[in-house]
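Asker: Fold the following, please.
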Amino acid sequence: MCRTKTIKFNELLFITYGGMIRGAIAFALVLKIEFKGDEGNEECENCYTKENYDLAVSSCLMLVLATTLMFGTFMDGA
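Answerer: Modelled structure (predicted):
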């Protein structure tokens, strides 16, 4: 006997909210990275260069969007 499970609408909203929070936290953390030239950090040894900072920000944003869209398609709309 095969049973199908459905997700209730309020459960789907909770899962969606959790996914948005996950992506927002990752993106906020990457925005906190210090880079040379930002707020007088010219002589900072451990800071990213502007090019590496831009690469990290764009990579994180693309990764969050791609995983959200990819894993979001696996959810059954019920």
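Asker: Contact partners for Gly72?
Answerer: Gly19 (Cβ atoms under 8 Å, 6 or more residues apart in numbering). Bear in mind the C-beta positions are built from the backbone N, C-alpha and C, glycine included.
Asker: gap between it and Val64?
Answerer: Here Gly72 is placed at a distance of 12 Å from Val64 (Cβ to Cβ, to the nearest Å).
Asker: Skipping adjacent residues, who's closest to Asn52 in space?
Answerer: Phe35 (7.3 Å; Cβ to Cβ, 6 or more residues apart in numbering).
Asker: pLDDT value on that neighbour, please?
Answerer: With respect to pLDDT, Phe35 scores 87.
Asker: Quick check: beta-bridge partners of it?
Answerer: Tyr48 (DSSP bridges).
Asker: first to last residue in stretch 27-46, what's the distance?
Answerer: Across stretch 27-46, the terminal residues are separated by 20 Å (Cα to Cα, to the nearest Å).
Asker: Can you give the distance of it from its chain's centre?
Answerer: Relative to its chain's centre, stretch 27-46 lies at 19 Å (Cα atoms, centre = their mean, to the nearest Å).
Asker: And it, what's buried?
Answerer: If you call a residue buried by 16 or more other Cβ atoms under 10 Å, then stretch 27-46 has these buried ones: 30, 35.
Asker: what's that stretch in contact with?
Answerer: For stretch 27-46, contacts defined as Cβ under 8 Å, 6+ apart pick out 47-50, 52-53, 56-57, 60-61, 64.
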